[in-house]
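A.B. asks: Give me coordinates for this.
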Amino acid sequence: MNTFKRAISMLFLALFAMVLSACMIESGDVVSGDNAGAANDINTYISEGESADGLILYPFSGNIHDPFFFRLYYEFVWTDERDRAWEEDIVQFATTMLRHPTLRGYGLISTEEALRRDMFEDDTQRTPLAGFNLAFTHADFYINKELEYRLIDMVNELIFDVPALSDIEIKFRLSEIIAILGDAHSNIELPLFETIYPLGLVSLYDGFYVTAIPKVFEHVLYSRLIRINGFYVDDIVERFAEIIPHENNYRLRALSRLHLRGSDILSFTGVTGDMSPTTFTFESISGEMLEISLSPTSTPNEIDMIVHQFDGEENLTHRNPGEDFWGHRFPEKSVVYLRNRSLVESSLHLAQVLNNLDINDRLETLVIDLRQNVGGFLPSAMTNFADDMISGRISTVYVIIDSGSYSAPIIFASLLRSTFENVYIVGEPAPQPANFFVSQRATLRHSGVGFNVSEFFRETSQDERHIYALVPDIFIPLTIGDIVNYRDPVMEFILTK
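C.D. replies: Numbers count the residues shown, from 1 in each chain. All right, here's what the predicted structure looks like:
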């Protein structure tokens, strides 16, 4: 009897697998190797070209949307241990990518009204998922099949190329795939600091400037980077644009300051190849052209460097580097300065900060500095802040942002400006728009590489639905002269108002 039951169970599982496999095959222009019956050999895929019905034979068709159980349906090409491991990781990566709202047309969507309700209403009216709705359509959402086909093509090309690529090259190719989405929150870990040129750069509105250099080249400090190995910096950044996920050029340039010293990505993009040392060309503050040779190193700490020291006494934004949130009062003015580097759960409890500063009267000006704020959690970090705004205790608010203000601080700044009067955003454009995708983190099974893929869209401002960056009301760029002289032009402007 038990044998009979087992036989029935096995038959049922076999039938279920056949039905499920059949369901995985959709009508379209691409058919996977296993579904098309192609042999498990890369030469077969290449030499056959097209099947009898004119469909391209690809190992990955895009019909499998489960990053956990794809091994049950996918027919692997490679048998070598290293190549097979990377192939599994690539397919896991691709199946996760295909869940992106741009490719599937749906996601968890939070509207401007819901976010405002979550942030500024009483805690008793809020629930863990207040303001979030499972939606299958959206005014700006559409299923981009052309982008999906492009992604599938890139995935299959990468699978075919695995044996010929190094591990680092595969990571860059994965980043090229995810970058086509134009979503900064969907990204993959890249090797930034394994082998670098001993060089520190800051991204300013008019270029990349040197803030750290070997002491033997001290005369190059504060110079603007012009070329690397004969390639102009702007041309190099355009090459990076194919690899670095971004929504606007401010984000691209903010991240490029790190990649411009990375020997691996410079080699991958054809800027340096295998050349070592590499020629760097700079323009000094006085306009003199300077040329030096630098060699990449895996031990930059062993090099005697000269580094610009950002003075916290002269420049408030750099004071108390170990603290995420703190305040400063200008006794001679009715002005309070709040510095916030990360929007964590305990941040921005304004009443507590004002009490610590012994401020009980009406406040004329509040300054919230969100420069280089890399994000955090919303909305609970802000709830207490609204009480003081609504009560009229504060007259004018200035929110400072720059190209390093990323994710949550953009939501905060945008909602403050659209919710209350006399709120002004000051500084430089943000590295993303007010409305953006929000991601979930995952890890590739074999390589251990971490990556993020967005699962829903957050709409902070309907008025800025088609704007590519959160733009300040008052544009005040930081210059290399400001850095050299420890000046903060934004605070100078505010304190003179």
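A.B. asks: How many neighbouring residues does Arg82 have?
C.D. replies: Here the neighbour count serves as a burial measure; for Arg82 (other Cβ atoms under 10 Å) it reads 12. Yep, even glycine has a C-beta here, placed from its N, CA and C like the rest.
A.B. asks: Let me know the secondary structure of it.
C.D. replies: Following DSSP: H, G, I helix; E, B strand; the rest coil, Arg82 is assigned to helix.
A.B. asks: where does the protein dip in pLDDT?
C.D. replies: Counting by pLDDT under 70, the ranges of the chain that qualify are 1-58, 63-70, 105-143, 275, 312, 344-361, 377-392, 461-467.
A.B. asks: list the contacts for the residue nearest to the spatial centre of it?
C.D. replies: Taking Cα atoms, centre = their mean as the criterion, Ala184 is the residue nearest the geometric centre of the chain, at 3.7 Å. Shown here is Ala184, whose contacts under the criterion Cβ atoms under 8 Å, 6 or more residues apart in numbering are 245-247, 251, 406, 431-432, 436.
A.B. asks: Pro163 against Asp80, yeah?
C.D. replies: Yes - the pair Pro163 / Asp80 is scored as a contact, 7.1 Å apart, by Cβ atoms under 8 Å.
A.B. asks: Show the residue spans covered by the strands in the stretch 151-300 of the chain.
C.D. replies: Taking DSSP state E, counting those that start in this stretch as the criterion, the stretch 151-300 of the chain contains strands spanning 187-188, 200-204, 207-214, 224-228, 231-232, 278-283, 289-294.
A.B. asks: would TSV of the ones you listed with distance to Glu75 and mean neighbour count be doable?
C.D. replies: Written out in TSV, the entries for the strands of the stretch 151-300 of the chain read as follows (distance: least, Cβ to Cβ, whole Å; neighbours: other Cβ atoms under 10 Å):
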stretch	distance to Glu75	mean neighbour count
strand 187-188	25	22
strand 200-204	45	20
strand 207-214	47	21
strand 224-228	43	20
strand 231-232	42	14
strand 278-283	43	19
strand 289-294	47	15
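A.B. asks: Between the contacts of Ala184, identify the one with the most neighbours.
C.D. replies: Neighbour counts for these were taken using other Cβ under 10 Å; the highest belongs to Pro431, which has 27 neighbours.
A.B. asks: Touching, that residue and Pro409? I think so.
C.D. replies: No - in this structure, Pro431 is not within contact of Pro409 by Cβ under 8 Å, at 10.6 Å.
A.B. asks: Tell me how far the residue nearest to the centre of the chain lies from His246.
C.D. replies: Ala184 sits at a distance of 5 Å from His246 (criterion: Cβ to Cβ, to the nearest Å).
A.B. asks: Residues that sit against both of the two, list them.
C.D. replies: With Cβ under 8 Å, 6+ apart, Ala184 and His246 have common neighbours Pro431.
A.B. asks: Can you give me the distance of Arg227 to Phe240?
C.D. replies: When Cβ to Cβ is applied, the distance between Arg227 and Phe240 equals 15 Å.
A.B. asks: for Ile168, same thing?
C.D. replies: Shown here: Ile168 relative to Phe240, a distance of 15 Å by Cβ to Cβ.
A.B. asks: Also Arg71?
C.D. replies: Taking Cβ to Cβ as the measure, Arg71 and Phe240 are separated by 34 Å.
A.B. asks: Tell me if Thr317 really is in a helix.
C.D. replies: Yes - the assignment for Thr317 is a helix, going by three-state DSSP.
A.B. asks: what number of residues lie near it?
C.D. replies: Residue crowding around Thr317 was assessed by other Cβ under 10 Å; the count is 18.
A.B. asks: Tell me which residues touch it, please.
C.D. replies: When contacts are counted by Cβ under 8 Å, 6+ apart, Thr317 is found next to 339, 369, 371-372, 400, 488, 491.
A.B. asks: ok, now which ones touch Ile285?
C.D. replies: Residues touching Ile285, when contacts are defined by Cβ under 8 Å, 6+ apart, comprise 222-223, 480-481, 484.
A.B. asks: out of these, who has the most neighbours?
C.D. replies: Neighbour max across these (other Cβ under 10 Å) = Ser223, 25 neighbours.
A.B. asks: now that residue, nearest residue through space, not along the chain?
C.D. replies: In this structure, Ser223 finds its nearest non-sequential neighbour in Phe282, 3.7 Å apart by Cβ to Cβ, 6 or more residues apart in numbering.
A.B. asks: How about the contacts made by the one you found?
C.D. replies: If you count contacts by Cβ under 8 Å, 6+ apart, then Phe282 has 210, 220, 223-226, 289-292 around it.
A.B. asks: follow-up on the earlier one: Arg71 and Phe240: who's more crowded?
C.D. replies: Each of Arg71 and Phe240 has its neighbours counted (other Cβ under 10 Å); Phe240 has more, 22 against 13.
A.B. asks: Report the separation between the more buried one and Asp153.
C.D. replies: For Phe240, the distance to Asp153 - Cβ to Cβ - is 22 Å.
A.B. asks: Same question for Ile196.
C.D. replies: According to Cβ to Cβ, Ile196 and Asp153 sit 33 Å apart.
A.B. asks: before we move on, what about Asn373?
C.D. replies: Using Cβ to Cβ, which is the criterion applied here, Asn373 is 38 Å from Asp153.
A.B. asks: Neighbour count: those two, which is higher?
C.D. replies: Neighbours per residue (other Cβ under 10 Å) separate Asn373 from Asp153, with Asn373 holding more: 27 against 16.
A.B. asks: and stretch 158-167, how far out from the chain's middle?
C.D. replies: Average the C-alpha atoms of stretch 158-167, do the same for its chain, and the two points are 25 Å apart (Cα atoms, centre = their mean, to the nearest Å).
A.B. asks: Using CSV, write down the CA coordinates of that stretch.
C.D. replies: As requested, C-alpha coordinates have been extracted for stretch 158-167 and formatted as CSV (Å, rounded to 0.1, in the frame of the first residue of the first chain):
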residue,chain,number,x,y,z
LEU,A,158,27.4,37.5,-20.2
ILE,A,159,26.7,33.8,-19.7
PHE,A,160,28.4,33.0,-23.0
ASP,A,161,31.4,35.1,-22.0
VAL,A,162,31.9,33.8,-18.5
PRO,A,163,35.0,31.5,-19.2
ALA,A,164,36.9,34.4,-20.8
LEU,A,165,36.2,37.0,-18.1
SER,A,166,37.8,37.6,-14.7
ASP,A,167,35.7,37.8,-11.6
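A.B. asks: Mind listing what's buried along that stretch?
C.D. replies: Residues of stretch 158-167 classed as buried: 158-160, 162 (neighbour count, 16 or more other Cβ atoms under 10 Å).
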